[in-house]
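>>> Sharing a sequence plus its predicted fold:
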Amino acid sequence: MSDSSPAVTTTSTATPGAAIPAAHRVGLLLTLALGSLSALAPLSMDMYLPSLPRITEGLHTSDTLVQLTLTACLVGLALGQLVAGPLSDALGRRRPLLTGLALYVLSTAVCALATDVRVLIACRVVQGLSGAAGIVISRAVVRDLFDGLAAARFASSLTLVSGSAPLLAPVLGGQVLRFTSWRGVFMVLAGLGLVLLLASAVLVRETLPTARRRRGGLPDTLRTFRGLLADRLFTGYLLTISFGFGALFSFIAASPYVVQDLYHGSAQTYSLLFALVETGLLVMSLVTGRLLLGRFPSHRIQLTGVLLLTLSGAALVLMATVWHTGLAGLTVGLFVMAAALGVVTPPSAALALQRAPHAAGTASALLGTLQFLTGAIAPALVGLGGQDSAVPMASVILASALLALGAFVLCCRPWQAIPDPMRTPPAGADSTA
């Protein structure tokens, strides 16, 4: 693997931020629009969760088949990013984004009208494929507009918007079910998609000039993927984020059973715990982007985050096997786990995209796809251990944290001094990590 050479090269002389050189042009409405595009996927995943039993009853099918609608959407989201990212590098950002949103609205409306669970599963695949465009292209737009520290700080603002979706989605879904059926939940999602389509058409301008677009079709895309993965630092950031999210998805998958069945907490108690843990992630993402990056070396911040993530995983295992601290202690451990991930994510994502200034869409696709694939594997591993103990959840969180730490240390080698794009060096001085 290469060390510090750019992951992707081009003959274009355009600078990374040349599309819109004045960062001040990015206003609050565009920030909300890009954050909402990133939030569309978790909304699609989580908002209809309270209606799963009603879908089973309404379509006269089994719980297993209805649960496949979750898997179908997750697979679509993973694969869709591999398509939307390279397309946005070749065609520009607007056309793939608007096309994806239009297809999302159509497929979600068909979900609402489905009379057979197999039709619903197929439509959920399409919904995931099309919804993936919002995730990958919103990150690519940020990379088009900003470099270095500015990109990381803007990404932390997007996290505040998009990260609120998992907190609000199940609550919104439950409220919608008070007034309508499960079909109404999908109609609300279709309406949200339509609003985002119109907002994107007005607010999201083209940020990738024609001169910087990549040509060559599939062979060029495969070469770009290979070039990105051959870059040691990019791969390190990619694996660090992905394994870190494995810990988070382990919590998301197992926590309802752990809190309600093992510790006999109510649904309201679970909702409060879930909100508290997610708040740790959101707050620390904002603190890292706004206060830490630029003041401290990026690799030092990342190393602190992955070490804290590992320590929280070890503490959770001890709580589940030796200490028996109860639900209160478990909540503290999970909060620290999520907060640590909030420290790791902003610099890792920004530095990864910094490695690919002329293939931001493709790089963003790799980041998102591996996160969702890890998110699909981690809950399955938790499930293998059963649901009568918190040990499986804690063990997978610890294993994910150790993998994130190993990937960061081996690939990023934080003890080495390398240029740090997140810090502005004094005049005549080199910026080092």
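Alright, I've got the coordinates. Numbering: from 1, shown residues only.

>>> CA atoms for contacts and neighbours, from now on please.
Will do.

>>> where in the stretch 1-150 of the chain is pLDDT low?
1-27 (pLDDT under 70).

>>> In it, what residue spans correspond to helices?
With DSSP state H, counting those that start in this stretch as the criterion, the stretch 1-150 of the chain has helices at 28-46, 52-58, 63-91, 94-113, 117-145, 148-162.

>>> Let me see the domain layout of this protein.
The record, using automatic domain parsing to delimit domains, assigns the chain the ranges 26-208, 229-411.

>>> so residue 194 makes contact with residue 102?
Yes. Between residue 194 and residue 102 there is a contact at 7.4 Å, judged by C-alpha atoms under 8 Å.

>>> quick one, strands of this structure?
In the chain, no strands are defined using DSSP state E.

>>> Kindly tell me how buried residue 201 is, as a neighbour count.
Neighbour count for residue 201, taken as other C-alpha atoms under 10 Å: 14.

>>> Relative to residue 139, how far out is it?
From residue 201 across to residue 139, the span is 17 Å (C-alpha to C-alpha, to the nearest Å).

>>> now swap in residue 114 and tell me
32 Å.

>>> the more surrounded of these two?
Per other C-alpha under 10 Å, whichever of residue 114 and residue 139 has more neighbours is residue 139, with 28 against 16.

>>> Contact partners for the more buried one?
155, 360, 361, 364 (C-alpha atoms under 8 Å, 6 or more residues apart in numbering).

>>> quick one: contacts for the second one?
Neighbour list for residue 360: 85, 89, 139, 140, 143, 144, 353 [criterion: C-alpha under 8 Å, 6+ apart].

>>> With distance to residue 245 added, can I get those in JSON lines?
As requested, those are exported to JSON lines (distance: C-alpha to C-alpha, whole Å):
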{"residue": "85", "distance to residue 245": "20"}
{"residue": "89", "distance to residue 245": "26"}
{"residue": "139", "distance to residue 245": "17"}
{"residue": "140", "distance to residue 245": "20"}
{"residue": "143", "distance to residue 245": "21"}
{"residue": "144", "distance to residue 245": "25"}
{"residue": "353", "distance to residue 245": "18"}
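
>>> any idea which of those residues is closest to residue 41?
residue 139 (13.7 Å; C-alpha to C-alpha).

>>> Only C-alpha atoms, please: export stretch 285-296 in CSV.
The C-alpha trace of stretch 285-296 is given here as CSV (Å, rounded to 0.1, in the frame of the first residue of the first chain):
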residue,chain,number,x,y,z
SER,A,285,-19.3,14.7,16.8
LEU,A,286,-20.1,18.4,17.1
VAL,A,287,-17.4,19.0,19.8
THR,A,288,-14.8,17.2,17.8
GLY,A,289,-15.5,19.1,14.6
ARG,A,290,-15.9,22.5,16.2
LEU,A,291,-13.5,22.5,19.1
LEU,A,292,-10.8,19.7,18.8
LEU,A,293,-10.0,19.5,15.1
GLY,A,294,-7.5,22.2,14.1
ARG,A,295,-6.3,22.7,17.7
PHE,A,296,-4.9,19.2,18.1
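
>>> For that stretch, buried residues please.
For stretch 285-296, the neighbour count (16 or more other C-alpha atoms under 10 Å) marks 285, 286, 287, 288, 289, 290, 292, 293, 294 as buried.

>>> same thing with stretch 36-55?
For stretch 36-55, by 16+ other C-alpha under 10 Å, it's 36-52, 55.

>>> returning to what we had before: would you tell me which of the domains of the chain gets closest to residue 221?
domain 26-208 (6.4 Å).

>>> Among the helices of the stretch 1-150 of the chain, which comes closest to residue 272?
helix 28-46 (16.1 Å).

>>> Residue 367 and residue 236 touch, don't they?
No. The pair residue 367 / residue 236 is not scored as a contact, 11.2 Å apart, by C-alpha under 8 Å.

>>> just to revisit the earlier point, among the contacts of residue 139, which one is most surrounded by other residues?
Most surrounded of these: other C-alpha under 10 Å gives residue 361, at 33 neighbours.

>>> which residues touch it?
When contacts are counted by C-alpha under 8 Å, 6+ apart, residue 361 touches 84, 85, 86, 87, 88, 89, 136, 137, 139, 140.

>>> Can you tell me which of the helices of the stretch 1-150 of the chain is most buried?
Sort the helices of the stretch 1-150 of the chain by mean neighbour count, taking mean count of other C-alpha atoms under 10 Å, and helix 117-145 sits at the top with a mean of 26.

>>> Now find how far off-centre that helix is within its chain.
How far helix 117-145 lies from its chain's middle: 12 Å, per C-alpha atoms, centre = their mean, to the nearest Å.

>>> same deal with stretch 319-330?
How far stretch 319-330 lies from its chain's middle: 29 Å, per C-alpha atoms, centre = their mean.

>>> Endpoints of it, how far apart?
This stretch, stretch 319-330, spans 7 Å end to end (C-alpha to C-alpha).

>>> Buried ones in that stretch, by neighbour count?
319, 320, 327, 329, 330.

>>> Roughly how far does the last one sit from residue 305?
In other words, residue 330. On the measure of C-alpha to C-alpha, residue 330 and residue 305 end up 19 Å apart.

>>> Please name the nearest non-neighbouring residue to residue 72.
Nearest residue to residue 72, sequence neighbours excluded (C-alpha to C-alpha, 6 or more residues apart in numbering): residue 125, at 4.9 Å.

>>> doesn't residue 75 make contact with that neighbour?
Yes. Between residue 125 and residue 75 there is a contact under C-alpha under 8 Å: 6.9 Å.

>>> contacting residues around stretch 196-203?
Residues contacting stretch 196-203 (C-alpha under 8 Å, 6+ apart): 29, 30, 33, 36, 37, 94, 98, 101, 102.

>>> What is the nearest of the residues you listed to residue 110?
Lowest distance from residue 110 to the contacts of stretch 196-203 (C-alpha to C-alpha) belongs to residue 102, with 12.7 Å.

>>> residues near the residue nearest to the closest one when sequence neighbours are not counted, how many?
Nearest residue to residue 102, sequence neighbours excluded (C-alpha to C-alpha, 6+ apart): residue 197, at 6.7 Å. Neighbour count for residue 197, taken as other C-alpha under 10 Å: 22.
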